[in-house]
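*Asks:* fold the following for me, if possible:
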Amino acid sequence: MALSPHDVTQLAAVDTVRAARVLNEVRNATLSGQRAPVAPRPVIEQSWGRMLRSGVDPDHDFRSGLLTREEVQRRRESSALRHVLPVLREGLLSVADVAHHIMVVADEDGRVLWREGSSPVLRKADGLGFELGADWREDVVGTNGVGTPAVVRRPVQVFASEHFVRTHATWTCAGAPITDPRDGRLIGVVDVSGPLETMHPATLAWVDTVAKLAEARLRELHLTSLEGLRAVVSPVLSRLAGRALVVDRDGWCAAVSGMPYTNRVALPKSLAAGRRWLPPLGLCAVEPLAGGWLLRPADEPVPRGDTRIVLDLSQPRRWSVAVTGAAGTWSHELSPRHAELLYLLALHRGGLSAAGLAEEMFGDAARTVTVRAEMSRVRRYLGGLLEHRPYRFCEDAGVELLLPEDPLDLLPHSTAPGVADGRTG
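*Replies:* Here you go, the predicted structure:
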């Protein structure tokens, strides 16, 4: 009886040797263009496709230079991951050591910054180049439990010959991305890895749960910092007349006066004191504060004039929207979901209804509540540049769409039907 990818996963839990043999046959057949006995899991097949297009050699283990100890330490001290190490250690290390696993924490560039767990397994990892300071991006070492979750932005388990590079086939990995709750930006990946015989199908859910606990801890820390900023600026706001709000360095609102509360204001990356145009507030007087900014919206409107919007999806995991108009230029880094939404609106300049956008996003026109919630978040930074009923970019703005050279590299995390159509041209 033919096996399915799901059957192979179940088989690996009771007979790792047979499952590894089946996956080796799948890998060899797929990479040689022949019919495989079992179809690879979609997340693995898509990763292998990216590797073939980028020229990663499946039969040779390539290792880029290790970071120096000084550079590893510098990255540790500057990474938000340092704040959640206690959560990761508490959730993973005790079980990992007993189960002959190691915990690996890498930054957003795929560089290994922390590595702890079973001493014998750590020594085996050295032989694979899984060392401190190593570069485990997918396009460097192939499909793996650090680089692949960073690309697809979701948890991924890679077992045996699901690794693209042959020398990694004696290994099993389960990794989950960790994102910054303030802006959705990827800050790193936590991975649990070990020799082939340590594979367990529940490992991925375990790692994903701990990664979510780490993100929850980051949210707690952010709320604490906002509360501290609010306590400091309350006396300042009480003395001001007119509209004003105080935000942290990332634009999250700590306090307002004379105007409705808003969760967040989109700030340009290089905000400076003075008169600045900020969506959706318009022209503002910007004053620096310890840990944030005081924003005082002006009363006079700013003419929109000729506005140019550039939606840049050309770089992997670095999606952004930049706006140039009469009041200057600003840009905003996009989350995976917002990159999908704006891409679809850039394709459909005539606009899409909530149902139409839900169909393009999820293949389900009934999911309008989700679409409306996400578009409400997008409008917080694009403001009047987006219209609704139907959802569309405003007519007097020019929209430029920058795409990857290879259509198959378009938003590789996305399963949206409208994005999939764009990949096939």
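*Asks:* CA atoms for contacts and neighbours, from now on please.
*Replies:* Will do.
*Asks:* can you give me the helices in the stretch 1-150 of the chain?
*Replies:* 5-14, 16-31, 42-54, 69-78, 85-88, 94-98, 119-127, 138-141, 147-152 (DSSP state H, counting those that start in this stretch).
*Asks:* so which of the ones you listed is the most surrounded?
*Replies:* Among the helices of the stretch 1-150 of the chain, helix 147-152 has the highest mean neighbour count (mean count of other CA atoms under 10 Å), at a mean of 26.
*Asks:* partner strands of the helix or strand just after that helix and their direction?
*Replies:* Using DSSP states H and E, the helix or strand that follows helix 147-152 in sequence is strand 156-159. Sheet pairing for strand 156-159, assigned by DSSP bridges, gives strand 171-179 (antiparallel).
*Asks:* just want the angle from the helix or strand following the partner strand to strand 171-179.
*Replies:* Where DSSP H and E defines the elements, the next helix or strand beyond strand 171-179 is strand 186-195. Angle of strand 186-195 versus strand 171-179, following axes from the mean of the first three to the mean of the last three CA atoms, to 10 degrees, is 160 degrees.
*Asks:* now do strand 186-195 against helix 119-127, angle only.
*Replies:* 110 degrees.
*Asks:* strand 186-195 packs against which elements?
*Replies:* strand 102-107, helix 147-152, strand 171-179, helix 203-238 (3 or more CA pairs under 8 Å, 6 or more residues apart in numbering; DSSP states H and E).
*Asks:* let's go with 7 Å and repeat that
*Replies:* strand 102-107, strand 171-179 (3 or more CA pairs under 7 Å, 6 or more residues apart in numbering; DSSP states H and E).
*Asks:* which residues does the last one contact?
*Replies:* Strand 171-179 is contacted from outside by 144-146, 149-150, 153-160, 185-196, 199, 203-204, 207-208, 211, 215, using CA atoms under 7 Å, 6 or more residues apart in numbering.
*Asks:* what angle do helix 203-238 and it make with each other?
*Replies:* Using the same axes, to 10 degrees: strand 171-179 against helix 203-238 is 20 degrees.
*Asks:* compute the distance between I178 and G398, please.
*Replies:* 35 Å (CA to CA, to the nearest Å).
*Asks:* pick out whichever of the two has more residues nearby.
*Replies:* Applying other CA atoms under 10 Å to I178 and G398 shows that I178 carries more neighbours, namely 32 against 14.
*Asks:* what bridges to that one?
*Replies:* G188.
*Asks:* how far away is the residue positioned nearest the centre of the chain from S94?
*Replies:* For the chain, the residue sitting closest to the mean C-alpha position, by CA atoms, centre = their mean, is L186 at 4.1 Å. Here the criterion is CA to CA. By it, L186 lies 26 Å from S94.
*Asks:* now do K212
*Replies:* In this view, K212 and S94 are 18 Å apart by CA to CA.
*Asks:* okay, and for this structure, where does confidence drop off?
*Replies:* Where the chain drops to pLDDT under 70, the residues are 1-16, 299-306, 326-328, 425.
*Asks:* let's see 50
*Replies:* 1, 302 (pLDDT under 50).
*Asks:* residues contacting L31?
*Replies:* Per CA under 7 Å, 6+ apart, neighbours of L31: none.
*Asks:* if I look at the nearest residue to R166 once chain neighbours are set aside, how far off is N28?
*Replies:* Leaving aside its sequence neighbours, R166 sits nearest to D59 (CA to CA, 6 or more residues apart in numbering; 5.5 Å). Look at D59 and N28: by CA to CA, they are 11 Å apart.
*Asks:* next: R349.
*Replies:* On the measure of CA to CA, R349 and N28 end up 44 Å apart.
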